[in-house]
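**Q** Sequence and predicted model, in that order:
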Amino acid sequence: MKTYDVVVVGAGPAGSSAARRARALGLSVAVIDRATFPRHKLCGALLSGRGQKAMRDIFGLEVDPEHFLYSRKVAFKWDGETLAEFDAPYDLTYTYRVDLDHRLLREAIAAGAEDYQGTRIETFDDAANALVLADGTRIGYGVLIGADGAASPVARHIFGRAFDPDKIGFAFEAEVPGGCDADARMSIDFRIVNWGYGWNFPKLDTRTIGLGSIRSLDQDLKGKMAQYLDLEAGAAGEGVKIKGAHIPLGDYQKVPGRGNILLAGDAAGLVDGITGEGLAYAMESGAEAVAAAAEALKAGKPATATGLYRKRIRYIHTELDKANKLRHFEYSDRFSSLFKEKLATSLTMRKAFFDLLAGETTYSAIERRIPKQIAGKIAEKMTGWPSKLAGRLRG
Ligand SMILES: Cc1cc2nc3c(=O)[nH]c(=O)nc-3n(C[C@H](O)[C@H](O)[C@H](O)COP(=O)(O)OP(=O)(O)OC[C@H]3O[C@@H](n4cnc5c(N)ncnc54)[C@H](O)[C@@H]3O)c2cc1C
């Protein structure tokens with residue numbers, strides 16, 4: 001049996017970040033993915049400023065015009081109606097996951113991570129701190145990191161299920177042919193669905209059009225996606241394949257692991273419930289999981305890794321909690337006309353939105369700037385989840 005300090009399951013941005021950071025810390029690491037890269041992953045692939053920083057810190061990679069389209073043009077929409085068109089204060093950078101994820105994984109492998117692509121896990125042998133692969137190979141670990149996406153088999157193994165079906169998000173997306181340039185405008189439609197939004201992102205070779213919301217709110221998301229595609233792309237969208245995937249919109253694992261088994265990225269539910277952004281948190285949490293693993297292994301107490309990791313990502317959990325509360329302002333009927341008006345006119349709200357994506361502000365800072373009257377009404381809510389869902393959860 002080969003044994004590593006850290007074994008990472010899943011080679012998306014969270015897994016490759018964990019593997020790359022493990023090598024930077026001098027740990028032996030194996031990275032396992034059932035897919036062989038390059039592989040597709042449904043995603044708008046808007047890499048925020050915060051995501052760029054994580055990519056730079058962990059991989060030493062910068063965004064570059066060969067792989068990313070840069071544009072500042074933005075439109076805010078409301079059920080098809082354009083409310084405002086303007087330039088964002090920062091470059092927005094768009095790419096393709098098939099390419100980004102492959103590059104990140106190559107960096108981790110070049111740094112010495114052992115590569116187990118195209119490999120399925122057959123069984124978990126917790127007592128022996130080992131995994132058995134489909135071909136019978138046994139791999140031992142000091143700490144195991146599940147970075148295996150929203151439907152995480154590692155989370156299923158330790159918690160019995162990967163996500164709460166009442167709270168999980170679902171998104172549909174389509175790639176509409178036709179390359180874009182720096183003058184191409186992205187748009188976000190804040191009312192094309194309830195408790196979610198639609199996006200139309202310019203890319204080097206296509207436009208990525210999609211929408212997402214909380215799955216259990218029963219609102220025929222697929223039908224709405226077909227209408228939205230028609231609205232945004234017209235004839236160019238005819239016959240284009242629509243695909244769907246889970247996205248954990250704000251529902252994260254309060255305890256992100258068990259003993260020496262940790263969860264990172266989507267497997268830990270680390271997606272912003274307002275912006276839908278997950279790439280930055282995936283990379284940050286992958287790196288933090290390994291830092292916690294290194295600390296626990298050094299102390300000779302691998303089982304303390306979950307507690308150490310939880311402390312390290314408390315700042316992410318705090319932000320997700322605040323976003324979950326604030327989305328009442330964004331989505332609930334009670335504030336709908338005020339929110340629409342602010343989208344059309346408020347330079348402050350616009351700046352806050354892009355500062356958040358750039359990592360230049362936090363929800364905590366934004367919360368402090370919200371007028372007391374609105375903050376009070378938001379605070380009256382028992383939970384950050386939609387009232388219909390909240391009622392069902394209270395039961
Ligand atoms: C439609 C859509 C649009 C989005 N748009 C954006 C956006 O524009 N910007 C943004 O920041 N975020 C966006 N997100 C969120 C973002 O895609 C995720 O947060 C991000 O992919 C999380 O990365 P990850 O590494 O945790 O998981 P993933 O990227 O899902 O990687 C998980 C890996 O685990 C592997 N795996 C799964 N099961 C196994 C198994 N049994 N054994 C081995 N390997 C396994 C998979 O093959 C995969 O490679 C979007 C999500 C969706 C669904």
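**A** Cool, the structure landed. Numbering: from 1, shown residues only.

**Q** How about stretch 154-171 and the ligand, any contact?
**A** Yes - if you take C-beta under 6 Å from any ligand atom as the test, stretch 154-171 does meet the ligand, through residue 171. For the C-beta atoms, the positions are set from N, CA and C on the backbone; glycine is no exception.

**Q** So what would you say the end-to-end distance of that stretch is?
**A** Terminal residues of stretch 154-171 lie 22 Å apart, using C-alpha to C-alpha, to the nearest Å.

**Q** what residues does the stretch 201-350 of the chain put near the ligand?
**A** 210, 245, 247, 265-267, 271, 276-279, 282.

**Q** Quickly name whichever of the residues you listed is closest to residue 125.
**A** Comparing those against residue 125 with C-beta to C-beta places residue 267 closest, at 19.7 Å.

**Q** Under a three-state scheme, what state does the nearest residue to residue 133 once chain neighbours are set aside occupy?
**A** Distances taken as C-beta to C-beta, 6 or more residues apart in numbering put residue 119 closest to residue 133, at 5.4 Å, once the chain neighbours are dropped. For residue 119, the assignment made with DSSP: H, G, I helix; E, B strand; the rest coil gives coil.

**Q** Which pLDDT value belongs to residue 119?
**A** With respect to pLDDT, residue 119 scores 95.

**Q** quick one: contacts for it?
**A** By C-beta atoms under 8 Å, 6 or more residues apart in numbering, the residues touching residue 119 are 32-34, 133-135.

**Q** Kindly reformat the residues of the stretch 201-350 of the chain next to the ligand as a markdown table containing pLDDT.
**A** Below are those laid out as a markdown table (pLDDT from 0 to 100):
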| residue | pLDDT |
| --- | --- |
| 210 | 98 |
| 245 | 98 |
| 247 | 98 |
| 265 | 98 |
| 266 | 98 |
| 267 | 98 |
| 271 | 97 |
| 276 | 94 |
| 277 | 96 |
| 278 | 98 |
| 279 | 98 |
| 282 | 98 |
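
**Q** And the contacts of stretch 174-185?
**A** 69-75, 85, 202-210, 225, 229, 233, 236-237, 240-243.

**Q** Please work out which residue of the stretch 1-150 of the chain is closest to the ligand.
**A** residue 12 (2.3 Å; C-beta to the nearest ligand atom).

**Q** Quickly find the element holding residue 163.
**A** Under DSSP states H and E, no helix or strand contains residue 163.

**Q** Now do the same contact list for the closest residue to it other than its chain neighbours.
**A** Nearest non-adjacent residue to residue 163, counting by C-beta to C-beta, 6+ apart: residue 248, 5.9 Å away. Counting by C-beta under 8 Å, 6+ apart, residue 248 makes contact with 150, 163, 167-169, 266, 269-271, 278.

**Q** so what does the helix or strand harbouring residue 320 touch, helix or strand wise?
**A** According to DSSP H and E, residue 320 maps onto helix 314-331. Applying 3 or more C-beta pairs under 8 Å, 6 or more residues apart in numbering; DSSP states H and E, one finds that helix 314-331 contacts helix 279-298, helix 336-345, helix 363-369, helix 372-380.

**Q** Which stretches in the stretch 101-250 of the chain count as helices?
**A** 153-159, 221-233 (DSSP state H, counting those that start in this stretch).

**Q** Could I get those in TSV, plus columns for distance to residue 21?
**A** Formatted as TSV, these follow (distance: least, C-beta to C-beta, whole Å):
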stretch	distance to residue 21
helix 153-159	18
helix 221-233	36
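
**Q** any idea which of the ones you listed is most buried?
**A** Sort these by mean neighbour count, taking mean count of other C-beta atoms under 10 Å, and helix 153-159 sits at the top with a mean of 20.

**Q** which stretches of the chain have low pLDDT?
**A** 373, 378-383, 391-395 (pLDDT under 70).

**Q** do that again at 80, thanks
**A** In the predicted model of the chain, residues 218, 369-385, 387-395 satisfy pLDDT under 80.

**Q** could you point out the longest strand in it?
**A** strand 81-94 (DSSP state E).
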